[in-house]
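[1] Prediction below, plus the sequence it came from.
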Amino acid sequence: MTKIDGNSGDTQKVTVFRDETHLRVKLKETEVVIEVRYFYRDYIVADIMETLSNLHMDAFSVRSHTANGFLTLNLKAKVNSDKHSSSRCLEKTNFDLLDSQRFRGDGVASVGMNKRELRRVIEGEVTTICSKAKNPSFCSNFFKSTPQTKTLNLPGVAKFLINDASREALDTQKQFESLVKGAADPRSKDIYTQCSENYKNALNEFNAALQALADMDGGSLNIKVSAAMTEGDSCNSELPRVKTSPQLLKKIYDIDNLSGIVLVISNILPKK
């Protein structure tokens, strides 16, 4: 709803969604104050920044805290035009993006928000994700050692992880192809051939996972990444019977754990 406060002349718009999620925007003489409270799986910081951009305002103050599974953001932004123009812009801006759960691929939440402020938001999500990951220690170390993820929203992180896992899977598949050519006995050749096929199939599943992510379909993303992990498990179950280098085993380990993080994110993203 939108209302005009007769005493102060402030314009305020409050949009309330399911699960107590709400977006409150109050336009004052020289600034806009935005409060967003949402269950962490229902919103992405980049969309808040996009909203500010649509309002032709620059965020200059961001505070956040989490409690009971909810993330609350408080933003203040300078008004870049006269109040009348900003009020009209406020009226026209579509705040239904919260309800529609739009995600922007690997979009960056950068409009007026510095990296330190963004990191405060992302780190809260990382803690939740890693606590549910297949290998929490691997997950935590991955995010700590990969600063690029600090500028990505959740779909962007998922895309980054899938691309990383795909590169590892392609290299693994090529290594197994090479092992097939140099296999000294039929049993080893059969196992290496199977693993080469497994990772070729895994690559196809990762490609399909990227499409599911582009379609904003968390359910299909989960299915495709799970299928890729199953291919890896099929190969891994046979490896104790043959000679395999520690480096190759580490790649297999990394692919599985990267995929495990994506599974957690897929459960946060909306299902179709």
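    Received it, and whenever you're ready, just let me know what you need.
[2] Please, where are all the helices along the stretch 51-200 of the chain?
    83-92, 97-100, 115-132, 136-145, 154-182, 186-214 (DSSP state H, counting those that start in this stretch).
[3] tell me the average confidence for the fifth one?
    Helix 154-182 shows a mean pLDDT of 94.
[4] what angle sits between that helix and helix 136-145?
    110 degrees (axes from the mean of the first three to the mean of the last three CA atoms, to 10 degrees).
[5] For helix 154-182, buried residues please.
    154-162, 164-166, 168-169, 172-173, 175-177, 179-180 (16 or more other CB atoms under 10 Å). In short, each C-beta sits where N, CA and C put it, glycine included.
[6] about what we covered before: could you point out which of the helices of the stretch 51-200 of the chain sits nearest residue 269?
    The closest of these to residue 269 is helix 154-182. By CB to CB, the value is 6.7 Å.
[7] The closest one - contacts with which helices or strands?
    Judged by 3 or more CB pairs under 8 Å, 6 or more residues apart in numbering; DSSP states H and E, the packing partners of helix 154-182 are helix 186-214, helix 218-236, helix 246-268.
[8] Mind giving me the packing neighbours of the longest one?
    On a contact count with 3+ CB pairs under 8 Å, 6+ apart, helix 186-214 meets helix 154-182, helix 218-236.
[9] Backbone torsions only: list them for residue 270.
    Torsion angles at residue 270 (phi, psi; degrees, to the nearest 10) stand at phi -70, psi 150.
[10] Ok, residue 146 next?
    Dihedral angles for residue 146 - degrees, to the nearest 10 - are phi -130, psi 80.
[11] contacting residues for it?
    residue 160 (CB atoms under 8 Å, 6 or more residues apart in numbering).
[12] That one and residue 162: what is the separation?
    Distance, residue 146 to residue 162, by CB to CB, to the nearest Å: 14 Å.
[13] got it, and residue 131?
    Taken as CB to CB, the span from residue 131 to residue 162 is 21 Å.
[14] contacting residues for the closest residue to residue 222 other than its chain neighbours?
    Closest residue in space to residue 222, ignoring its immediate chain neighbours: residue 266 at 3.9 Å, by CB to CB, 6 or more residues apart in numbering. By CB under 8 Å, 6+ apart, the contact set of residue 266 is 158, 218, 219, 221, 222, 225.
[15] neighbours of the closest residue to residue 212 other than its chain neighbours, just the number please.
    In space, and not counting its chain neighbours, residue 212 is closest to residue 220: 3.7 Å by CB to CB, 6+ apart. Applying other CB atoms under 10 Å, we find 18 residues neighbouring residue 220.
[16] from memory residue 220 sits against residue 205, does it?
    No: applying CB atoms under 8 Å as the test, residue 220 and residue 205 come out as separate, 11.0 Å apart.
[17] Count the residues that sit near residue 243.
    Counted with other CB under 10 Å, residues neighbouring residue 243 total 9.
[18] what about it, is that helix, strand or coil?
    Following DSSP: H, G, I helix; E, B strand; the rest coil, residue 243 is assigned to coil.
[19] close enough to count as contact, it and residue 188?
    Yes: in this structure residue 243 lies within contact range of residue 188 using CB under 8 Å: 7.4 Å.
[20] what separates the residue lying closest to residue 269 once chain neighbours are set aside from residue 172, distance-wise?
    Leaving aside its sequence neighbours, residue 269 sits nearest to residue 218 (CB to CB, 6+ apart; 3.3 Å). Going from residue 218 to residue 172 by CB to CB gives 26 Å.
[21] same deal with residue 250?
    10 Å.
[22] do the same with residue 193
    Taken as CB to CB, the span from residue 193 to residue 172 is 14 Å.
[23] Same check on residue 217?
    Taking CB to CB, one finds residue 217 at 27 Å from residue 172.
[24] Please apply the same query to residue 236.
    Relative to residue 172, and taking CB to CB, residue 236 is found at 11 Å.
[25] joint contacts of these two?
    residue 252.
[26] for residue 260, what are its contacts?
    Per CB under 8 Å, 6+ apart, neighbours of residue 260: 133, 134, 135, 139, 229.
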